[in-house]
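Enquirer: A structural model of the following input is requested.
(chains A, B, C and D)
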Number of protein chains: 2
Amino acid sequence: MKPTIYHVAEQAGVSIATVSKVINNTGRIGRETRENVLAIMKELGYEPSVVASALTGKHTNTIGLLVPDVANPYFSELARRIEDRGHEKGFSVVICNTDNGIEKEAEYVKWLHRKQVDGIILGTGIQDNRTLHELLKQETPTALVARDSPSLQVDTVRIDDYLGGRLATEHLLELGHTNLGFMLGGLNSSSEEERLRGVRSVMTTNNLSVCEKDIVTDAYTIEEAKQQAMKILTQAQPPTAIFAMNDLLANGVMKAARELGLRLPQDISVIGFDNTLLASISEPPLTTIAQPIADLGTQVTDLLVQEILGEKTVKQRIVLLPSLVVRESTTTIARTPVQK
Amino acid sequence: MKPTIYHVAEQAGVSIATVSKVINNTGRIGRETRENVLAIMKELGYEPSVVASALTGKHTNTIGLLVPDVANPYFSELARRIEDRGHEKGFSVVICNTDNGIEKEAEYVKWLHRKQVDGIILGTGIQDNRTLHELLKQETPTALVARDSPSLQVDTVRIDDYLGGRLATEHLLELGHTNLGFMLGGLNSSSEEERLRGVRSVMTTNNLSVCEKDIVTDAYTIEEAKQQAMKILTQAQPPTAIFAMNDLLANGVMKAARELGLRLPQDISVIGFDNTLLASISEPPLTTIAQPIADLGTQVTDLLVQEILGEKTVKQRIVLLPSLVVRESTTTIARTPVQK
DNA sequence: CTGAAAGCGCTAACAG
DNA sequence: CTGTTAGCGCTTTCAG
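Expert: Numbers count the residues shown, from 1 in each chain, chains lettered A, B, ... in the order given. As a prediction, this is how the structure comes out:
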């Protein structure tokens, strides 16, 4: 049977209080006693029960991570970083796939609460803030990552999507493209809206406009992206460049282009977003807007852990900057730009 | 403050024992009483504490999942399935990235034990069985996935790697290739050894042999794979087809081939393993040996949960069969086969 | 059908 | 410096 604090106390000939003190390094314990207790603990293979200590008000040293889908490369990389950092700080992370469903999200939060996780990182991009409100109301330490903080007082780490949109657009314009297409994932993502805002801003400055029919939405899988891309690409005057809101979608676009017999990047330039593994795998390698995923992960984790430990009281919003990574899926325009 | 069972009992005018019974649907409780208690619970927003009930010997409804790296597409897909199934069955999963390190593995297991997880799924491919022995000794429900079960009595779900090796080889031979190259990840993976055994078996049957210099190893990232592939491809009589032990490595091989000016698949055929997202993304789409990842995930989870719940007593070893998925990275041999 | 009471393993005053 | 004791929130006999 697993040894308890009582067994240790008995073996060491001291009280459980003493043992507890040496475990937690609290109170004043005699050198000899401490060493003796330590020895017994080792001998018995004793390990303090996190469950029992959590019941007396201490932490469970566990945090919950909600993402739409860990199988999505962006989130799996993010999850990896968060787990890494959490581990360094002594926290386990339980993973939850919400599929962007408000119901699933709420359900997970309820369970995490029952399990007394010390805090929660929300990485899902839902507009609906019910869950978040609930979390803040019950004073669960919470931090958002890669999603907008809807004017609530909550720790947040995200990137400047507006800038991301601008960077992508500027790159395309510099290459001579004026007729641009856009592929969004949909889901009312405020990130995507921000990026589009960045796009429009740059376009306007250059006396260009984005045509609504060149904006296509509702693509989650690569197959869907391909289908949707077909729509834009088979129009009368198709765009000469497409900006996809993530690398997976960009790959879908490239598949579609290839199927239509278009050469990449001579006939059609494609730029993605995120700079996940997919961007370097794809052929041609994908030009994309890079998110500092590693930093996003470590910084949210740090924020959350600090809050859990009560090491800081004011909430922060950290905005990291994306950057353009030029690979081979974009090039100068070849065809004569079509007049609109 | 969060309501406890006492608050509910008081409000409902019953004892905590009664409340406990309605929560767990145990004992015999009067219809009226039950409904009243239920109503109060809802009214108070009461949620039973998993921590407290775990202390009294019940489950924590949490399982630990050890994988080398969730950011690796194969494992992220697997993790997704395991979490899905776990969630269906009422279990949370805490994720642990071992980087295939025996130390990290041991450390995680220790922590999971302290946290009283109900069971552990091992998805890391280490040869060293110390951790596993420890787990079995302390009678923690354990299940292995995608790794060999070293003649120990433990629940296991894996694929027939030997068959996988055969399938890949047969495919290549049918296309006329006789000079084959192989890329392994290394790490003493028994899976890879099994696959190679399958390869050799088929080769021998066909009076062919695999040349040691065409086996390259120690590649974990795509970049490393590319470098290693360069070695094989720049030999005097390079193979006409390469079998990579996973889709990531296969992509590395393709990168190398392309850099050397070889056409895919006319000049060099490439076949991968796993059939992850990467296989469909790559260009040309990758021919690969598909692992039934979804099934692997749900089946280990089921096995583990059953063991946790004590629903079965005998251990099982389930072997799933891989299958060949032909895409466009392999084709019939074009060059005259070089005589060796 | 319902309640009293013991206890799960540990922490935190408070004494000594 | 060390021990006593009262819980933490819940489950589980065992009485009634």
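
Enquirer: Tell me if stretch A:173-191 is near chain B.
Expert: No - using Cβ under 8 Å from any Cβ of the partner chain, stretch A:173-191 never reaches chain B; the gap is at least 15.8 Å. All C-beta spots, glycine's among them, are computed from the backbone N, C-alpha and C.

Enquirer: Near DNA strand D, which residues of the stretch 1-150 of chain A are found?
Expert: A:13-18, A:21, A:27-34, A:52, A:55-57 (Cβ under 7 Å from any atom of the strand).

Enquirer: Let's see that with 10 Å instead.
Expert: Counting by Cβ under 10 Å from any atom of the strand, the stretch 1-150 of chain A comes close to DNA strand D at A:9, A:12-22, A:26-34, A:36-37, A:51-58, A:114, A:116.

Enquirer: Residues contacting the helix or strand of chain A with the lowest mean pLDDT, please?
Expert: Here the helix or strand of chain A ranked lowest by mean pLDDT, DSSP states H and E is helix A:130-137, holding a mean of 86. Contact with helix A:130-137 is made by A:102, A:105-106, A:109, A:120, A:122, A:142, A:144, A:150, A:152-154, as judged by Cβ atoms under 8 Å, 6 or more residues apart in numbering or on different chains.

Enquirer: tell me which residues in it are buried?
Expert: A:131-132, A:135 (16 or more other Cβ atoms under 10 Å in any protein chain shown).

Enquirer: Sketch out the helices for chain A, chain order is fine.
Expert: A:5-12, A:16-24, A:31-44, A:50-55, A:73-88, A:102-114, A:130-137, A:161-174, A:190-205, A:222-233, A:247-259, A:277-281, A:293-308 (DSSP state H).

Enquirer: out of those, nearest to B:Asp69?
Expert: helix A:73-88 (6.6 Å; Cβ to Cβ).

Enquirer: remind me which residues of the stretch 1-150 of chain A are low pLDDT?
Expert: A:126-127 (pLDDT under 70).

Enquirer: 80 instead, please
Expert: A:1, A:27-28, A:125-128, A:148-150 (pLDDT under 80).

Enquirer: Smallest gap between it and DNA strand C, at which residue?
Expert: DNA strand C sits closest to A:Ile5 of the stretch 1-150 of chain A, with a gap of 2.7 Å, by Cβ to the nearest atom of the strand.

Enquirer: So which residues on chain A come close to DNA strand C?
Expert: A:1-9, A:15-24, A:26-28, A:41, A:46-58.

Enquirer: gap between A:Asn129 and A:Ser151?
Expert: According to Cβ to Cβ, to the nearest Å, A:Asn129 stands 10 Å off from A:Ser151.

Enquirer: before we move on, what about A:Glu43?
Expert: 57 Å.

Enquirer: More neighbours: which of the two?
Expert: Ranked by neighbour count (other Cβ atoms under 10 Å in any protein chain shown), A:Glu43 and A:Ser151 place A:Glu43 first, with 12 against 7.

Enquirer: can you pull the pLDDT of A:Ile268?
Expert: pLDDT for A:Ile268: 95.

Enquirer: For DNA strand C, what is the nearest residue in the stretch 151-300 of chain A?
Expert: Closest point on the stretch 151-300 of chain A to DNA strand C, by Cβ to the nearest atom of the strand, is A:Asp155, at 24.9 Å.

Enquirer: For that residue, give me its contacts.
Expert: So A:Asp155 contacts A:142-144, A:300, A:303-304, A:307, A:315-317 (Cβ under 8 Å, 6+ apart).

Enquirer: List buried residues within those.
Expert: Applying 16+ other Cβ under 10 Å to the contacts of A:Asp155 flags A:142-144, A:300, A:303-304, A:307 as buried.

Enquirer: In PyMOL, how would I select the buried members of the residues of chain A next to DNA strand C?
Expert: In PyMOL syntax, the buried subset of the residues of chain A next to DNA strand C is picked out as below (16+ other Cβ under 10 Å):
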select buried, chain A and resi 3+4+5+7+8+9+18+19+20+21+22+23+41+46+48+49+50+51+53+54+55
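
Enquirer: Could you list which of the residues of chain A next to DNA strand C also contact chain B?
Expert: When contact is defined as Cβ under 8 Å from any Cβ, the residues of chain A next to DNA strand C meet chain B at A:2, A:47-52, A:54-55.

Enquirer: Low-confidence ranges, the stretch 151-300 of chain A, go.
Expert: For the stretch 151-300 of chain A (pLDDT under 80), the answer is A:151, A:186-189.

Enquirer: do that again at 90, thanks
Expert: A:151-153, A:185-191, A:210-213, A:218, A:220-221, A:235-237, A:283 (pLDDT under 90).

Enquirer: Can you give me the neighbour number for the closest residue to DNA strand D within it?
Expert: Closest approach between the stretch 151-300 of chain A and DNA strand D, counting by Cβ to the nearest atom of the strand: A:Val154, at 25.3 Å. As a burial measure, A:Val154 scores 21 neighbours (other Cβ under 10 Å).

Enquirer: which bits of the stretch 1-150 of chain A sit near chain B?
Expert: A:2, A:47-52, A:54-55, A:60-62, A:69-71, A:73, A:76-77, A:79-80, A:83-84, A:87, A:92-97, A:110-116, A:138.

Enquirer: Show me just the buried residues among the residues you listed.
Expert: Applying 16+ other Cβ under 10 Å to these flags A:48-51, A:54-55, A:60-62, A:69-71, A:73, A:76-77, A:79-80, A:83-84, A:87, A:92-97, A:111-113, A:115-116 as buried.
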